[in-house]
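Trainee: Okay, predicted coordinates and the sequence, questions at the end:
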Amino acid sequence: MTETHEPRQPALIVVTGRPGAGKTTLAHALARAMRCPLVSRDEIKEGLVRTAGDIGPPEAELTSRATDTFFDVLALLLSRGATVVAEAAFQHKVWSPRLEPMRELATIRLVVCELDPELALARRVARSLADPEWPRFHPEPTRSAAGYDPPRLQVPTLRVDTSNGYRPSFETIVEFAHGRSSGTM
């Protein structure tokens, strides 16, 4: 007799934090550990900038197109049953209305990378100095991100201190992403 399994709803693991918080590094490692795709809003924007060349659309238009593309890709993958890690500097007011409808497609778990705003700013400045092309893709690397307001959804949430490694540990973050630990609401 063949055993049948009910299809489960895919998971959407949202990795967020202020610019410079280490969310992209964590999201890439988490997607590898979970063996699922990563959708990064900044990487989509970088692809749009690369295509547009030096005389591309204004920054606001690029950001809007990147965000629309980001959510289109998430909706496509989730509607096809793929679990996804999504990474962006989700601001509550701007992003929560776009994340909320994803609850119909997936079980959402939120990982919020946290650190001192000054350390985040120092990381962004260092990144812009180390990569001469960085400002082309990410204008204003020295702008303060002190006003970051993470999404507040009624979903399991894990706060991760990224000041020096990960607290809790990476293994704990993976367990949370897999739904094996609850985090907080």
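Mentor: Now that the structure is in, tell me what you want to look at. Numbers count the residues shown, from 1 in each chain.
Trainee: list the helices and strands the longest helix anywhere in the chain packs on?
Mentor: The longest helix of the chain (DSSP state H) is helix 59-79. Contact partners of helix 59-79 among helices and strands, from 3 or more CB pairs under 8 Å, 6 or more residues apart in numbering; DSSP states H and E: strand 38-40, helix 41-52, strand 84-87. Yep, even glycine has a C-beta here, placed from its N, CA and C like the rest.
Trainee: quick one: buried residues of the first one?
Mentor: By neighbour count on 16 or more other CB atoms under 10 Å, the buried set for strand 38-40 is 38-40.
Trainee: Closest to residue 48 out of the residues you listed?
Mentor: Within the buried residues of strand 38-40, the smallest distance to residue 48 is 12.5 Å, found for residue 40 (CB to CB).
Trainee: What pLDDT is listed against the residue nearest the centre of the chain?
Mentor: With distances taken as CA atoms, centre = their mean, the residue of the chain nearest its centroid is residue 87 (1.3 Å). Confidence at residue 87, expressed as pLDDT, is 97.
Trainee: can you tell me which residues contact it?
Mentor: With contact set as CB atoms under 8 Å, 6 or more residues apart in numbering, residue 87 has these partners: 14-16, 23-24, 27, 38-42.
Trainee: Can you read off the backbone torsions of the residue lying closest to residue 111 once chain neighbours are set aside?
Mentor: The shortest distance from residue 111 to any non-neighbouring residue, by CB to CB, 6 or more residues apart in numbering, is to residue 15 (4.7 Å). Note on residue 15: backbone dihedrals following degrees, to the nearest 10 are phi -110, psi 120.
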